Every structure is written in C-alpha cells, then in structure tokens.
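> quick check, what structure comes out for this input:
(chains A, B, C and D)
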2 protein chains.
Amino acid sequence: MAASRGVRHDSMRARNLAVVLGAIHRSGPHTRAALAEMTGLTKTTVSSLVSDLIEAGAVAEGGAVRGGERGRPGVAVSLSGDRVATLGLEINIDYLAACVVDLTREVRLRRTRPADNRNSDPVDILGSLRDLVKETTAEAELAGLRVIGAALAVPGTVEGEVLRNAPHLGWRDVRVPDLVDLPFVIDNEANLAALGELWFGSRETDFLYVSGEIGIGAGLVVDGTVFRGTFGLAGELGHVVVVPDGPACRCGGRGCLEVYAGQDALLGALPSVSELVTRLESGERRALEACGRAGHALGVALTSAVHLLDPGRIVLGGIYAPLFPWLEGPVAEGLGTRLGHMRGTPPALVVSGIGADAAVLGAAGLIIQQVIAEPAQMLGL
Amino acid sequence: MAASRGVRHDSMRARNLAVVLGAIHRSGPHTRAALAEMTGLTKTTVSSLVSDLIEAGAVAEGGAVRGGERGRPGVAVSLSGDRVATLGLEINIDYLAACVVDLTREVRLRRTRPADNRNSDPVDILGSLRDLVKETTAEAELAGLRVIGAALAVPGTVEGEVLRNAPHLGWRDVRVPDLVDLPFVIDNEANLAALGELWFGSRETDFLYVSGEIGIGAGLVVDGTVFRGTFGLAGELGHVVVVPDGPACRCGGRGCLEVYAGQDALLGALPSVSELVTRLESGERRALEACGRAGHALGVALTSAVHLLDPGRIVLGGIYAPLFPWLEGPVAEGLGTRLGHMRGTPPALVVSGIGADAAVLGAAGLIIQQVIAEPAQMLGL
DNA sequence: TCGGTTTAGTCCATAATCTGTACATAATCC
DNA sequence: GGATTATGTACAGATTATGGACTAAACCGA
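Prediction:
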C-alpha cells in the first residue's frame, strides 16, 4: 500500500523491457515475432526493446533457430550468460559460502570456506566474508562477467539490513554493512533455500521448503514468490506446537517441533548426520526410533502448516534430505491420516534435489530475479 | 507468473487513473496540485486524469478546501459517493444477507433474510438469494446509485466460481451461477470478513482475523491484501492440531482446534451465544470453564499460526467477539508464554469492531477495491 | 530453376500520452 | 493596492508505441 507513483514514458519503456525479458526468461528462446505475439506489443516495439536488451548484455541473438517451417526463419533471442552475473553468499554455522551465477542461472563459480561460527564475533566473520567476496568477484571478472548485485543468506531472522536474531550464531541485532558496492540484500536461510529449490531444483512454482538444520525453518513459495508475513518472520516451522505440554524449548515455549525433530534431537550423541545415515542403513534400532519420532512430530507440525499455509507440495531439505528415506513414511502417514477429507489429496511430499547449496544458490537467484523483473533499473538502461 | 502483457499508451493512462484515484482514496481529499506532488505526475496530467474521473462519477470537486494559507486556494477532489456502488452478499448457516456500499465505503442499504440453510438444497437458496439481489439492486437504483459489481461470501472453500466444500451447509462442488450481469466473485467467509475488518473496522493493514462460527476460519491480511495460499485454502485455523492424540474431529483428524473452541464445543447444550454470555456474566462455573478451555486451545493454535503466518495483530471476530472478555485472558497468556523470546512482543490481541456484518461488508468492499485499483476497466473509461 | 507464398524483421509516418513553460486566477501579506 | 504565492489550464514539444509498407529469407510446387 505504499504511495505509488505515476507512469511516465520512461517507466512505460522500463516495464516493456521487463515484459520482453520476462517472456524470454519464462519460456526459453523466442523470435522477435513470437515475443510480439506473446506480449501483445508490435514487432516494431519488440525489435527496439530487444536491441536495447542486447546492448545491455541481458540477451543475445542465436540460440535455437526454428527452421523447417514455411516463411523466413526468425532469429531466436535468448538470455545471455556471457556478461551479467550475480553473487550469492551464505553465513552458516560451520562454513561461509559464495557462488557466482550468470543470467541463465548457470553456476559459474563456487567457494566454500569451513569455519566454526557458533557464538562467534560478527566483526571477524563479516571481515572473512568480505575477503571471500573480493576473491570471487575478482575471479568472476577475469571470466568476463560483470557482477551486478549480491544477496546474503543467514540462519536467523532479518529485518531490512539488520540481522535481528540468529540463535545458533549467537548474534542479535547485528547491522550487516554493505559487503559490496552494489545492490545488496540479506534474507533468511530458509527463504533463500526455498528460492534455490524454485530456480535450481524442481522448478515447481508452489511448495513449502522445509529446511532441517540445527533449527528448523520453512520457506513458502506461492506462484514463484516467497511469502514473508508482516515482519518477515513467517515460516518458523521449528516452533509450531506439537505437544502443548511437551518439554521446554530454548525459545521459551513447550513441545515445539524443534525439540523433537531438530538436528540435536535427531543426532543425540552422534557426531554427524552421515554417521546417523550409516547407522540407519545398518538398521540400528535406536537410530530408526529417533527418525520415527522426528517424522511423527514433523507430520503433526506439517498438518498445521498445510491448514494454515496451503502449500502446493512439501519439499524436505537440509539434513532432512539424506534422511528422507527414513522420514518419508512417518511424515506422509501423519499428513495422510490427519488432513482427512479437508482437501482432495494431501500435498505431495518430496525430497530436495539440491541439498546443502540451496541457500547460496537461492541468494544469487534472488538478484537474477530482480534483473529479470527490473532490467532497466538493474542494468542501467 | 502469468504471461504479462506489454504496456501501451492506453494502459499507461489506465494505470495513471488508478494511481490518482488510489491517492485520493488512500489519504482523503486532495487538490490537483497535491495529487501531482504525490504521484510524481505533472499538474497538467493530473488535471486531465481528474476530469476523466469526475466524468465517470468516481470523484467530485468539493470536499474540504484548504484555506488560510498563502496563494490561490486549491479545489479539493474527493471520492464521490453519489453515483457508483457495489453489492455485498452472504450465504450463512442461518441467514442470507446483502448490502450496498458506495465508493466512499458508506453503507447505503442492508438487508438480512433469516433462513435455515443447514443441509439445504443449493437451488432453493440461490433462487432466494437472487430475489434478494434484485430487490436491493432496484432499491439502490432508486437512490441514484449504479451497482457495478458484486461479491458473495460463503462458509466454505472456494475455487473460482465453484463452492468446493461447505460442510455446515452440506454443499459440495456447487457451481454458483452469476447472480448479477456484472463483475461477480465468490470467496470464503473468513477471507471476506478479514477484508471487512480492514475496510470497515480497525483499518489496520496487517492482521489475522479469526472468524469463530460453527467452524473456525481465519483470514490473514498482509499489507492490505488477503493471503490465500496456493489453492485458496489457507487459513483453516479450525483444523490446526492442538493435541496430537486428542478427540476425533469431523475432518478426519484428531485434536483439532475446532473440537475445543468451535461453537458446538463452547455452547454445549446451550441454545445460543447470547445465552452463554448471560451465564458468563452471572459467573456460572461451567460456562467459565468452557471459555477457559477454548481460550487455552485457541492460544496454542494461535501460537503455531503466529510462527507460520507472522501476523501484525490478531483480531477475534464472529462469536468470539461477544465472548472476548472471557477469552482474552487465557488466549493472551498462552501466546505470551509460548511465543517466548522468538519475537519482541507477541502480536496484539484485539476484538473485532464490526461483528456479524464483517463478511457482507468485506464482500462489497472487495469490489470497491477493484474499482479503486482498476477504474478504467471497472468504470469503462 | 524460378516464381509464388509465407513469415520475420525494419522503416517511417502517425497517434497517444506525458512534460514543461507560460499564463490567467485567486487568495494572503504588508 | 501592489507584491507574493500557489492553483489550475493552455499549448508546444518530447517520448514511446502503432500500423501499414517494404525488404529479407526461407519453403513449395511446377
């Protein structure tokens, strides 16, 4: 409901650039004539817009030229991966990560730096991250790519440029400075992982991405857009109430999902998720029971989530991805019996295909989406 | 992600008409000069747009003329309530309702027709509703108002023009025919009641409206817009899990909120909500305990809802409005202790100010919003 | 092989809309 | 009463899209 500004000739053109670029992005290479048909603009206008987009490096001629049919064949116009790129960044509990992705969503560069960020000093970590940014940006430029924006994923709640609360890092109200001299945004790890799944994983446009980490977050994507709630705090699946009088949770509540299905509850005394997988594979009873309990709790919490959020499908990611074979049964059963006849069938339950990279990729993808949505502004047209 | 069309000259003007009308709507009467300032358009353009809007009957000169300051005083332009109106309709369990609202959101006409619609025949009810529509439309036209669109609130889930499932009416997959020869939409009662609260009640732009009826629905409003989820089924608060192994619910699940806090659970053997209020006022223990239990369950379910949906505040409506004095304590306590330190303070808990009319008013308001958002299309400019 | 047909892309005159400066108007200030 | 200040309109100019004519490049059929 912000005060909206009037449309002038330049914003009309800006919008039409976005419409044409969006059409190319949404459904692959097209000829100018096809674009005119799709957008309702005339061939003349599309030609003019396309030539601007070519100049800005957003698209290029070439790609698949349709042939074999009658008439003069058109020249296909497709997204160009050669000139414009964006930077995805991630601060997680035990590593820093960066990646460079070009406009075609091809991953061009990836760097991970192991670190122990639990209860760390923000200044140190941010300094280290800044080094990583310089390194990757320089390398991308060597490859001829112009990095035009960056996004950062953090394991906590974000408001604007302030990291409000990242319990596992031990950070509160940390103002993250612009790490690059470019458009820069910060967002929650689960939200960005959900977007990673959208653009680099299954490419479905409607789903709830469940991010199992030390905490449990979720990012809801409806029609290709993340739902963030009023203050950007939506999707805290980890603190949905599973048992009203259950054990205390570190959040102050009782019987939260995190108590039953967080990483600590799943691992118990085990050192790592891969160790847990090993034991599950060898059929160890204690491990199987832990997974069963977690799956049951997840089924209860997801039932509430489905009633409230109405997701298209449910994607399990993070540590739940390797554990999916053992979680799927109990979770699906819980959903199936509890949702009952409120809806035709419960949402499909699937595993994330991109695993641990989801958040960094989503971060880079977020900026790419901005370029597609506002090419005039992002590319200086 | 629908294929978006290019912007042409006529859509530029259509957009600017909407921008100017939106500014008048959002912040009361303004002079043309002020509108130019706010929209970023020139005075010339605003003058031209305003004269079109006057011709269409959307706005009128007059209203508060600012005086007493230096310079030539401007002529205020304000929404006109004299010419354009919309129709709100509601099918509920025990009544049909209609109302006519003008562009200034003044309620011009209201009709309620008691009926017993439980397990009824859709054909009968829709016929009766059609009569009500003819009656109210004719009466509005006598008052010089042109009804330009209608919306219908129903107690069930809606997809497009089909009422999928209204358990208390006993309707499934009922295709509702266009009741008027005008733009016409159908939506869920809780969603429209939430919009009623937005436009005719507190006028806050961010809240979760909880509609206590025989079932319990909720409508989430974020930044003045209803969140509907993927299939339009979001907000089914009544079936959020409160106790995982609780009593069976008619939905097929167990321990749903509706079992503890639905109208039937609250009333027990009592005949009506007003009877319950009487007993609460006289301090009857059984009544107080029923409210306490319901409030406790509501607190648990709302905790999950707050974590997932992140509402700005929580508005209790429907039968919860008269019961608010007795529910507020247990609900607020549950929210306060359970939300813990995940967020600064829990969302404010308030009572709806418009009671039973929320849904019909919201329905009429929905069409008014469409007029404000797309005046060119809705008014034929 | 060659003209006919079909479709793609460009050129250019025209149309729609907004901008910006100039100007008439109407109030206050001194 | 004249200076000042702000509103609202008029008109020429700028920007962008349209639409029909035209050129280009393929296939089709004789």
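> wait, doesn't A:Ile24 sit right on A:Ala76?
No. If you go by C-beta atoms under 8 Å, A:Ile24 and A:Ala76 don't touch, sitting 9.5 Å apart. (Each C-beta comes from the backbone N, C-alpha and C, glycine too.)
> of those two, give the one with the bigger neighbour count.
Per other C-beta atoms under 10 Å in any protein chain shown, whichever of A:Ile24 and A:Ala76 has more neighbours is A:Ile24, with 24 against 20.
> for that one, give me the pLDDT.
For A:Ile24, the model assigns a pLDDT of 97.
> what helix or strand is it located in?
helix A:9-26 (DSSP states H and E).
> buried residues in that helix?
Neighbour-count burial for helix A:9-26, counted by 16 or more other C-beta atoms under 10 Å in any protein chain shown, picks out A:11-25.
> now stretch A:32-49
Those would be A:32, A:34-36, A:38-39, A:41, A:45-46, A:48-49, for stretch A:32-49 by 16+ other C-beta under 10 Å.
> what does stretch A:78-97 give?
Neighbour count says stretch A:78-97 has A:78-81, A:83-93, A:96-97 buried, by 16+ other C-beta under 10 Å.
> keep only those of those residues that are in strands.
Among the buried residues of stretch A:78-97, the members found in strands (DSSP state E) are A:78-79, A:84-91, A:96-97.
> and the furthest pair within these?
Using C-beta to C-beta, these reach their maximum pairwise distance at A:Ser78 and A:Ile91, which is 34.4 Å.
> could you export stretch A:256-269 as CSV, CA atoms only?
Taking C-alpha atoms only, stretch A:256-269 is exported to CSV below (Å, rounded to 0.1, in the frame of the first residue of the first chain):
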residue,chain,number,x,y,z
CYS,A,256,7.9,-27.2,19.8
LEU,A,257,8.8,-29.2,16.7
GLU,A,258,12.4,-28.4,17.1
VAL,A,259,12.5,-30.3,20.4
TYR,A,260,11.5,-33.5,18.5
ALA,A,261,13.0,-33.1,15.1
GLY,A,262,15.8,-30.6,15.3
GLN,A,263,19.3,-31.8,14.4
ASP,A,264,20.3,-32.2,18.1
ALA,A,265,17.2,-34.3,18.8
LEU,A,266,17.9,-36.5,15.7
LEU,A,267,21.6,-37.0,16.3
GLY,A,268,21.6,-37.5,20.1
ALA,A,269,25.2,-38.3,20.9
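> contacts only, for A:Ala59.
Rather than Ala, residue A:59 is Val. A:21, A:24, A:50, A:53, A:77-80 (C-beta atoms under 8 Å, 6 or more residues apart in numbering or on different chains).
> cool, A:Ala58 as well?
A:21, A:79-80, A:83-84, A:103, A:371, A:375, A:379.
> show the backbone phi and psi for it.
Torsion angles at A:Ala58 (phi, psi; degrees, to the nearest 10) stand at phi -80, psi -40.
> in chain A, which spans are helices?
Assigned by DSSP state H, chain A shows helices spanning A:9-26, A:32-39, A:43-55, A:122-142, A:189-200, A:257-261, A:263-267, A:273-281, A:285-309, A:320-339, A:358-373, A:375-379.
> what's the closest of those helices to B:Ala364?
helix A:285-309 (27.1 Å).
> is chain B within reach of the closest one?
Yes. Applying C-beta under 8 Å from any C-beta of the partner chain, one finds helix A:285-309 touching chain B at A:300-301, A:303-305, A:307-309.
> quickly name whichever of these is closest to DNA strand D.
A:Leu309 (38.2 Å; C-beta to the nearest atom of the strand).
> quick one: the closest one and B:Leu308 touch, right?
Yes. Here A:Leu309 reaches B:Leu308: they are 6.0 Å apart, a contact under C-beta under 8 Å.
> quick one, grab the pLDDT at the one residue in chain A that gets nearest to DNA strand C.
Nearest residue of chain A to DNA strand C: A:Gly71, at 2.0 Å (C-beta to the nearest atom of the strand). Per-residue confidence (pLDDT) for A:Gly71: 86.
> now it. Its backbone dihedrals?
According to degrees, to the nearest 10, A:Gly71 has phi 80, psi 170.
> give me the neighbour count for it.
A:Gly71, neighbours per other C-beta under 10 Å, totals 6.
> could you check how far it is from A:Ala33?
To A:Ala33, A:Gly71 is 10 Å away according to C-beta to C-beta, to the nearest Å.
> what does A:Asp124 give?
56 Å.
> and the stretch 101-250 of chain A, which of its residues are near chain B?
Neighbours of chain B within the stretch 101-250 of chain A, by C-beta under 8 Å from any C-beta: A:165, A:205-206, A:218, A:222-224, A:227-244, A:249.
> what parts of the stretch 51-200 of chain A come near DNA strand C?
Residues of the stretch 51-200 of chain A found near DNA strand C (C-beta under 7 Å from any atom of the strand) are A:51, A:69-75.
> filter these to the buried ones?
Buried among those by 16+ other C-beta under 10 Å: A:Gly74.
> now stretch A:213-233: buried residues?
Here stretch A:213-233 shows A:213-222, A:226-233 as buried, counting by 16+ other C-beta under 10 Å.
> overlap in contacts of A:Ile24 and A:Ala76?
A:His30.
> pLDDT below threshold where in chain A?
Scanning chain A for pLDDT under 70 picks out A:1-3, A:64, A:66-68.
> quick one on the thing from earlier: a markdown table for the helices of chain A, including distance to B:Tyr320?
Below are those laid out as a markdown table (distance: least, C-beta to C-beta, whole Å):
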| stretch | distance to B:Tyr320 |
| --- | --- |
| helix A:9-26 | 44 |
| helix A:32-39 | 48 |
| helix A:43-55 | 54 |
| helix A:122-142 | 44 |
| helix A:189-200 | 32 |
| helix A:257-261 | 27 |
| helix A:263-267 | 35 |
| helix A:273-281 | 44 |
| helix A:285-309 | 18 |
| helix A:320-339 | 25 |
| helix A:358-373 | 39 |
| helix A:375-379 | 46 |
